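Student: Any chance you could fold what I've pasted below:
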Amino acid sequence: MWIDFLILMKQEMALIVLIFILMFLKLGKDRSNVGYMNIVNVLLLLNLVLGFIWNREGMLFNEMFRTNRLMVLEKNILNLGMLIISMQSYSWLKTHKHVPEFYILLLSTMLGMFFMISGGNLLMFYLGLELSTIPLAAAANFDLTRRRSSEAAMKLIFSSAFSSALLLFGISMVYGTSGTLIFSELPQHLSNNPLQVFAFILLLAGFAFKISVVPFHLWTADVYEGAPIAVTSFLSVISKGAVLFVFVSVLYTVFKPLAETWYNMLFILSLLTIIIGNLFAIRQDNFKRFLAFSSIAQIGFILVGISGSSDISTTSVVYFVLIYVFSNLAAFGVVSVVSALSGKENISDYKAFYKTNPLLSWILTIALFSLAGVPPTAGFFGKFFLLMAGAGKGNYLLISIAALNMVISFYYYLRIVKAIFMDANEQPIPNIFMPLMPKLALYLCIVGILAVGLVSWFYDYIYLLVTNV
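Tutor: Residues are numbered from 1 along each chain as shown. Prediction:
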C-alpha cells in the first residue's frame, strides 16, 4: 500500500521534499544566494531524473488521484522548464534578498499543477488549480521595490479569483445535473441539455482566463510586463502548459458527449485569439509585452490543434508545449540576462545588438524563428502538426485563416531580427558577460529547438504514450 502510494505520487512527493529542504535551509545558517541556487539546481536536476524512472500507472483515493505514462511525461516537461528558468534567473537572483522564498513559491505552484494534471475528480482539479495560483500571484510581486510588480500581482490575483469563481460555479452546476464529480463517471451523465451546456461554458471561460484566450486575455500583457522576468517565463510556459494538458484531457474525456458544441466554440475562440494576438504583437515595443501577445497568438494555434479531437491532436499539443518550453525560454533567457545586467527591456534597445553581443543575438534569433515557425526549427514542425490535427475535422476555412496568420506573424518576429542585425544604434547594449548557469540554460534551449524538430523520435514517443492511455 505505502509502496504503491510513494511510486504513484513520487513526483508530487519529490516536490514536497524539495520545499521542506528549502525551509530547513532557510532556518539554518545563512548561505550565499549562489549557494542556495546551486543546491536548488542540483535538486531540480535530480527531480527531473527521478521523473523518468520507477513509473507506474494507477489510481488513489477513489480516483481522486490518477497517473499514467503520458501524465508523467507532461510533469517531466514542466520539471524541465522549471530547471531552465532557475538556471536563467542566476543574474537576477544573485543579488536578491529572498532566494529561498522565491523557489518555495514556484515549487508550491508547480505542486498544485501536478495535482491538477493527475486529478481524476473535478474537486481535486479545482484544489490543484488554487494551489497553483495563489503562490504564483505572490511571486509576481517579487520585485518588492517596483510598483509595477505590485500592480501585476494585484491584476493576476483579481483575474484568477474571477476565473476560479466561474470554474467553481460551473463545477457546482455539473455536479447538480450529474450527481458526480468523478471524471470516469461524468460522460455517462452529460448531454446537450441547456443547463449542462451553460455549465460547460462557465468551465471553458475559466480555462480561457488561465491560458489567455481572447476575450479573456486582458490581464496578460500588464502582468507579464510588471512581474519579474523569471515569473513571466514561468507564467508563459509552465503555467499555461499545465492548464493546456488538463484542458485537453477534460475536453476529450469528460466532455466528449458535448464535442459538437465545444468544437464550434473553439472554432471562434481560436480565430479571435490568433488574429488579435498577432495584431497587438505588431504594436509592442516592450519585449515582455511583445512576448505576452506572441504567447496569446500561439495559444490560438494550439486551440486549432485541439479542435481536431483525436489522438493526433493530443500528441500535437504535448509536442508543441515541449517545443514552446525551449523556444519561449530561449527568448526570455536572453531578455532576462540583458535586463538583469543592463536594465533594458525594450525592442528598440536591441538595435545593433549583434555588434556587441553576437552569441546572444543568434540565440534570440533562433528562438524567434522557432516561435514564428520558420524551418528547420522545431516551431515549424510544431505548428505544422497542430494545423494538420485541426484539419482532421475537415474545416479548411479554419486552417487557411490560421496558416495566413502564421505568415503575418513573420513580420513582427523578423522586425526584431532586422533591429538586431541591420539597424544602426549609436549606443547599443554593451557587451554582456554571461555567467555559466544562464549560458548552459540557453545552450540547452537551442539544442532543444533544433533536436526536437529534426529528430522524429520525440513526436513518435508522445504519440505512442497517447495511444496507450
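Student: which residues sit in contact with residue 420?
Tutor: Listed by CB atoms under 8 Å, 6 or more residues apart in numbering, the contact set of residue 420 reads 350, 351, 352, 353, 354, 361, 364, 365. C-beta coordinates here come from the backbone N, C-alpha and C atoms, glycine included.
Student: Look up the closest residue to it, ignoring the ones flanking it.
Tutor: residue 353 (4.5 Å; CB to CB, 6 or more residues apart in numbering).
Student: Which strands and helices lie in contact with the host helix or strand of residue 247?
Tutor: Following DSSP states H and E, one finds residue 247 within helix 240-249. Packing contacts for helix 240-249, counted by 3 or more CB pairs under 8 Å, 6 or more residues apart in numbering; DSSP states H and E, involve helix 69-88, helix 99-118, helix 194-211, helix 287-306, helix 311-342.
Student: Can you give the distance from the following helix or strand past it to the centre of its chain?
Tutor: Note on helix 240-249: by DSSP H and E, the next helix or strand toward the C-terminus is helix 259-282. Mean-position distance between helix 259-282 and its chain equals 18 Å (CA atoms, centre = their mean, to the nearest Å).
Student: For helix 259-282, the averaged confidence score.
Tutor: In this model, helix 259-282 has a mean pLDDT of 89.
Student: where does this protein have low pLDDT?
Tutor: Residue ranges of the chain with pLDDT under 70: 1, 29, 469.
Student: Residue 183 is nearest to which of the helices and strands packed on helix 240-249?
Tutor: For residue 183, the closest of the helices and strands packed on helix 240-249 is helix 99-118, at 11.0 Å, according to CB to CB.
Student: for the closest one, the distance to its chain's centre please.
Tutor: Distance, stretch centre to chain centre, for helix 99-118: 13 Å (CA atoms, centre = their mean).
Student: what angle separates it from helix 69-88?
Tutor: Helix 99-118 and helix 69-88 are oriented at 160 degrees to each other (axes from the mean of the first three to the mean of the last three CA atoms, to 10 degrees).
Student: Pull the contacting residues for the residue lying closest to residue 372 once chain neighbours are set aside.
Tutor: Spatially, and ignoring its direct neighbours in sequence, residue 372 is nearest to residue 413 (4.0 Å; CB to CB, 6+ apart). By CB under 8 Å, 6+ apart, residue 413 lies in contact with 294, 368, 369, 371, 372.
Student: Now find how far off-centre the helix holding residue 247 is within its chain.
Tutor: On CA atoms, centre = their mean, the centre of helix 240-249 falls 9 Å from that of its chain.
Student: 392 is where my numbering starts, stick with that
Tutor: With 392 as the first residue, the last one maps to helix 631-640.
Student: what residues does that helix touch?
Tutor: Residues outside helix 631-640 that contact it (CB under 8 Å, 6+ apart): 462, 465, 468-469, 472, 504, 507-508, 510, 516, 523, 598, 601-603, 686, 690, 693, 697, 704-705, 708-709, 712, 715-716.
Student: how does it look with 6 Å?
Tutor: For helix 631-640, contacts defined as CB atoms under 6 Å, 6 or more residues apart in numbering pick out 465, 504, 507, 508, 598, 601, 602, 697, 705, 708, 712.
Student: now swap in stretch 601-616 and tell me
Tutor: By CB under 6 Å, 6+ apart, stretch 601-616 touches 543, 546-547, 550, 599-600, 623, 631, 634, 660, 663-664, 667, 677, 679-680, 683, 687, 690.
Student: so the residue nearest to residue 811 makes contact with residue 753?
Tutor: No - here residue 744 lies out of contact with residue 753, judged by CB atoms under 6 Å, at a distance of 10.4 Å.
Student: These two: which has the busier surroundings?
Tutor: residue 744 (25 against 15; other CB atoms under 10 Å).
Student: want to throw the helices and strands packed on helix 631-640 into TSV with distance to residue 785?
Tutor: Below are the helices and strands packed on helix 631-640 laid out as TSV (distance: least, CB to CB, whole Å):
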stretch	distance to residue 785
helix 460-479	27
helix 490-509	31
helix 585-602	23
helix 678-697	13
helix 702-733	14
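Student: Distance to residue 571 and mean neighbour count added to those helices, as a markdown table?
Tutor: As requested, those are arranged in a markdown table below (distance: least, CB to CB, whole Å; neighbours: other CB atoms under 10 Å):
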| stretch | distance to residue 571 | mean neighbour count |
| --- | --- | --- |
| helix 460-479 | 21 | 23 |
| helix 490-509 | 19 | 23 |
| helix 585-602 | 13 | 20 |
| helix 678-697 | 25 | 26 |
| helix 702-733 | 24 | 25 |
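Student: closest one to residue 814 among these?
Tutor: Nearest to residue 814, of all the helices and strands packed on helix 631-640, is helix 678-697, at 15.3 Å by CB to CB.
Student: Show me the contact partners of the closest one.
Tutor: Here helix 678-697 makes contact (CB under 6 Å, 6+ apart) with 602-603, 608, 611-612, 615-616, 623, 627, 639, 657, 660-661, 664-665, 668-669, 671-672, 675, 704, 707-708, 726, 736, 738, 774, 777, 780-781, 793.
Student: residues contacting residue 493?
Tutor: Going by CB under 6 Å, 6+ apart, residue 493 touches residue 533.
Student: still on that earlier bit, report the inter-axis angle for the helix holding residue 638 versus helix 490-509.
Tutor: Going by the same axes, to 10 degrees, helix 631-640 makes 10 degrees with helix 490-509.
Student: Just the CA coordinates for helix 631-640, please, in PDB.
Tutor: Taking Å, rounded to 0.1, in the frame of the first residue of the first chain, the C-alpha atoms of helix 631-640 are listed here in PDB:
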ATOM      1  CA  LYS A 631      -0.100  27.700 -19.500                       C
ATOM      2  CA  GLY A 632       1.400  24.300 -20.300                       C
ATOM      3  CA  ALA A 633      -0.100  22.700 -17.200                       C
ATOM      4  CA  VAL A 634      -3.500  24.100 -17.900                       C
ATOM      5  CA  LEU A 635      -3.400  23.100 -21.500                       C
ATOM      6  CA  PHE A 636      -2.600  19.500 -20.600                       C
ATOM      7  CA  VAL A 637      -5.600  19.400 -18.300                       C
ATOM      8  CA  PHE A 638      -7.800  21.200 -20.800                       C
ATOM      9  CA  VAL A 639      -7.200  18.600 -23.500                       C
ATOM     10  CA  SER A 640      -7.800  15.700 -21.100                       C
END
